[in-house]
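>>> requesting a structural model of the entry that follows:
(4 chains)
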Protein chains: 2
Amino acid sequence: MNIKEASEKTGVSSAAIRYYEKESLIPPIDRTEVGNRDIDTRIIRRIKFVTQMRAAGMSIENLRRYIELFDAQEDNTKEQKALLQEQLAVMEEKRDDLQAAIDHLNYKLNHFYDHMQETEEELRELEKQHAAKVDRESDAKNDETDIH
Amino acid sequence: MNIKEASEKTGVSSAAIRYYEKESLIPPIDRTEVGNRDIDTRIIRRIKFVTQMRAAGMSIENLRRYIELFDAQEDNTKEQKALLQEQLAVMEEKRDDLQAAIDHLNYKLNHFYDHMQETEEELRELEKQHAAKVDRESDAKNDETDIH
DNA sequence: TCTTGCCTTGAAGTGTACATGAAGGTTTAA
DNA sequence: TTAAACCTTCATGTACACTTCAAGGCAAGA
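Numbering: from 1, shown residues only, chains lettered A, B, ... in the order given. Sure thing, here's the model as predicted:
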């Protein structure tokens, strides 16, 4: 499979695949007689793995650290486990933050006025009053994140 | 409250607060007689809102779009709702992708060998065999993302 | 009065993760 | 045989989200 097909199969641009190879996020890719990359399913799997971890917010740098460790000859299962667990913790925190933001937006959405007769000005007034109330109630609580 | 205190209270750098003001992610901040920013709890709340949305992956550009719409005088509740729902969908997808990656890593972690006597080479052999098996079984399935 | 420590603005610099361009090679189809 | 459509490497460019720097002002304490 040439790089274009691999790109289509993975949704990763050809340039990005070359970049990943250069940065050792994927193993060195075999070349044909004329020097073109010949990509097999193993590489495809690893490109997809990179994509998934990138989407989960893992940096190129950390991904390389992890992959280097995994590909190494030495017995570093412990370190691998530690690294995995570290990354898991980061991702779980990220997921929880994301969920908190989702809850926040859902709350806002559920408290929107469905009746369009209210003017935005009225809405803003109500929001302001709410904000003032919240200020009075929890000025020192310091855990408010609502926009208004 | 001066900008340094606000920075400490929010965990956002002074420079970033100035940047957010310049980019209209937070409202114009009042100045003291000598021109220093005087930051109140309303601004603090909005900084935290920005932080939360940024952490959830919303870009500065989209955040500004959203805030502009929200702060506008016109009655655009419909557009606000649509924008909120759009952002919610993006975030939920992100959360699900993240959860998939977490599951993936958890799987790997749970299948790690706890007995350290196996050498990394043996481990790699097992992984290779597994990969080959998976290749045979689902070469065309095209949904594998495991690293080995 | 002079140092310390805060603040201001505006401009320029930084790191990440690619994207794009230049210059050239190969294969296929008309 | 010439164009189209791939490919290669290497170098440079780009977008985003800040950070850092430069040049200066204000206020308090030694």
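
>>> what does chain A have sitting close to DNA strand D?
A:2-5, A:14, A:18, A:31, A:35-37 (CB under 7 Å from any atom of the strand). (Each C-beta comes from the backbone N, C-alpha and C, glycine too.)

>>> just the ones in helices from the residues you listed, please.
When helices are assigned by DSSP state H, the members of the residues of chain A next to DNA strand D inside them are A:3-5, A:14, A:18.

>>> spell out the secondary structure type for A:Gly57.
In three-state terms, and counting by DSSP: H, G, I helix; E, B strand; the rest coil, A:Gly57 is coil.

>>> ok, longest helix in chain A?
Max-length helix for chain A by DSSP H is helix A:77-110.

>>> mind listing what's buried in that one?
For helix A:77-110, a neighbour-count test (16 or more other CB atoms under 10 Å in any protein chain shown) marks A:77, A:80, A:83-84, A:87-88, A:91, A:94-95, A:97-99, A:101-102, A:104-105, A:108 as buried.

>>> any low-confidence regions in chain A?
Within chain A, the ranges that satisfy pLDDT under 70 run A:71-80, A:112-148.

>>> circling back to that earlier point, angle of the longest helix of chain A against helix B:77-110?
Angle of helix A:77-110 versus helix B:77-110, following axes from the mean of the first three to the mean of the last three CA atoms, to 10 degrees, is 160 degrees.

>>> is any residue of helix A:77-110 near chain B?
Yes - using CB under 8 Å from any CB of the partner chain, helix A:77-110 reaches chain B at A:77-78, A:80-81, A:84-85, A:87-88, A:91-92, A:94-95, A:97-102, A:104-106, A:108-109.

>>> now for the residues of chain A next to DNA strand D: which two are most distant?
Largest separation among the residues of chain A next to DNA strand D by CB to CB: A:Glu5 and A:Gly35, giving 17.1 Å.

>>> rewinding a little: report the buried members of the residues of chain A next to DNA strand D.
Of the members of the residues of chain A next to DNA strand D, the ones counted as buried by neighbours, 16+ other CB under 10 Å, are A:3, A:37.

>>> mind putting the residues of chain A next to DNA strand D into a markdown table with distance to A:Leu25?
Formatted as a markdown table, those follow (distance: CB to CB, whole Å):
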| residue | distance to A:Leu25 |
| --- | --- |
| A:Asn2 | 19 |
| A:Ile3 | 15 |
| A:Lys4 | 19 |
| A:Glu5 | 19 |
| A:Ser14 | 15 |
| A:Arg18 | 11 |
| A:Arg31 | 18 |
| A:Gly35 | 21 |
| A:Asn36 | 20 |
| A:Arg37 | 15 |
